[in-house]
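In: Structure of the sequence below:
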Amino acid sequence: MLTVGQVRQLRAVDGAQIVKTRSRETARQLFRADGVPVVIAARNEQDDLPATLLSLAASSVPVQTWVVVNGTTDDTAARAAAMGARVLECPVPSKMASLQYAVREITADAARGPILFTDADTLVGPRWAAKLAAAARSPRVPVVALGNAFFTHGDSCLADALRNIRKAIVSHRCARRDERIIAQGANLAIDFGGSRAALDSYLSIDTRRFIGEEEEIVHRMIAAGGMCRNVLHRDVAVITRGDRFALADLWRLRNDRSYSQRCARYQEYGDVRPYDASAVVLEAPVVLPRPAAPAPLRARPLVPETVGPRSR
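Out: Purely as a prediction, here's the structure:
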């Protein structure tokens with residue numbers, strides 16, 4: 001996971017400035033033929049995506065970064081291409097359709113190895129790709145690996161802080177009880193394990209699925225004979241931009257059983273279909289044991305000090 005200082009540096013720099021000053025460097029690092037596939041669905045993310053790609057370029061293992069734009073009207077695609085990512089344009093303007101589109105491009109069969117997923121406004125650490133891919137790798141059965149995502153720079157700093165505290169408490173409880181954490185699209189990996197049935201099941205998810213789609217992915221992989229693994233190592237945790245919710249929204253969201261408030265907040269995405277995880281009953285997933293405490297990391301700057309602050 002990046003340090004607080006690194007996150008502040010990356011968030012303070014304009015996306016166009018990152019492209020201008022770092023694209024020559026990242027162009028050699030973001031798409032390697034032997035790299036771990038990383039899929040990012042992006043819609044009007046020209047400001048945040050360059051920082052995400054810059055953090056990926058610092059990965060300790062080769063990566064193969066796929067950015068799938070869907071319904072974007074800004075310079076998201078151009079900036080991703082300039083930094084060296086492989087850019088696809090999904091004909092269906094939805095996040096789920098974009099992820100499926102990339103998976104089809106990455107592999108024609110199920111025996112491709114781990115595929116990592118993160119969001120266009122998410123910052124990853126240098127060991128994220130290596131450790132998450134290692135946790136998901138499975139030659140025989142489907143595996144979904146789940147990491148944590150913490151919030152910063154959202155509409156409400158206090159709301160972000162409270163959500164992070166709750167997330168840390170829940171993660172600790174899940175680790176103690178060997179229970180699965182909640183799946184998050186900003187930090188997830190799938191290895192279909194050679195199972196065509198698992199791959200087809202993933203590709204058949206409703207393209208309009210937007211809220212709770214990660215939980216449906218987990219349920220489908222388990223139903224296909226797979227398993228789920230928690231990866232709570234701090235190297236795998238990511239930092240994502242907080243949602244568009246204020247402090248007063250948090251209690252209402254916890255009681256929003258019909259997802260009506262969430263749908264209203266994301267109405268620009270059109271006809272979104274939430275996934276009701278409570279209606280699904282499957283076998284308990286298999287999770288990894290708690291990892292050993294990691295060695296301390298030495299932070300290195302990702303953004304040169306000569307780069308000025310984000311223009312307002």
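
In: Output the contacting helices and strands for the longest helix along the chain.
Out: Looking across the chain with DSSP state H, the single longest helix is helix 157-177. In terms of contacts (3 or more Cβ pairs under 8 Å, 6 or more residues apart in numbering; DSSP states H and E), helix 157-177 is packed against strand 149-152, helix 249-254. The C-beta positions use only the backbone N, C-alpha and C, and glycine is treated the same way.

In: Show me what the helix or strand that that helix is followed by is packed up against.
Out: Counting by DSSP states H and E, the next helix or strand C-terminal to helix 157-177 is strand 188-191. Here strand 188-191 touches strand 115-119, helix 128-136, strand 143-146, helix 213-223, going by 3+ Cβ pairs under 8 Å, 6+ apart.

In: what about these, which gets the closest to residue 273?
Out: helix 213-223 (9.1 Å; Cβ to Cβ).

In: would you put the C-alpha positions of the closest one in CSV?
Out: Provided in CSV are the C-alpha atoms of helix 213-223 (Å, rounded to 0.1, in the frame of the first residue of the first chain):
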residue,chain,number,x,y,z
GLU,A,213,-21.5,-6.9,-9.3
GLU,A,214,-18.4,-8.0,-7.4
GLU,A,215,-20.5,-10.1,-5.0
GLU,A,216,-22.2,-11.8,-8.0
ILE,A,217,-18.8,-12.6,-9.5
VAL,A,218,-17.8,-14.3,-6.2
HIS,A,219,-21.1,-16.3,-6.0
ARG,A,220,-20.8,-17.4,-9.7
MET,A,221,-17.2,-18.6,-9.2
ILE,A,222,-18.1,-20.6,-6.1
ALA,A,223,-21.1,-22.1,-7.9
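
In: now the angle between strand 115-119 and that helix, please.
Out: Calculated by axes from the mean of the first three to the mean of the last three Cα atoms, to 10 degrees, helix 213-223 forms an angle of 160 degrees with strand 115-119.

In: Now do helix 213-223, average pLDDT.
Out: Taken as a whole, helix 213-223 has an average pLDDT of 94.

In: starting at the chain centroid, how far to it?
Out: Taking Cα atoms, centre = their mean, to the nearest Å, one finds helix 213-223 lying 15 Å from the centre of the chain it belongs to.

In: Okay, buried residues for that helix please.
Out: By neighbour count on 16 or more other Cβ atoms under 10 Å, the buried set for helix 213-223 is 213-222.
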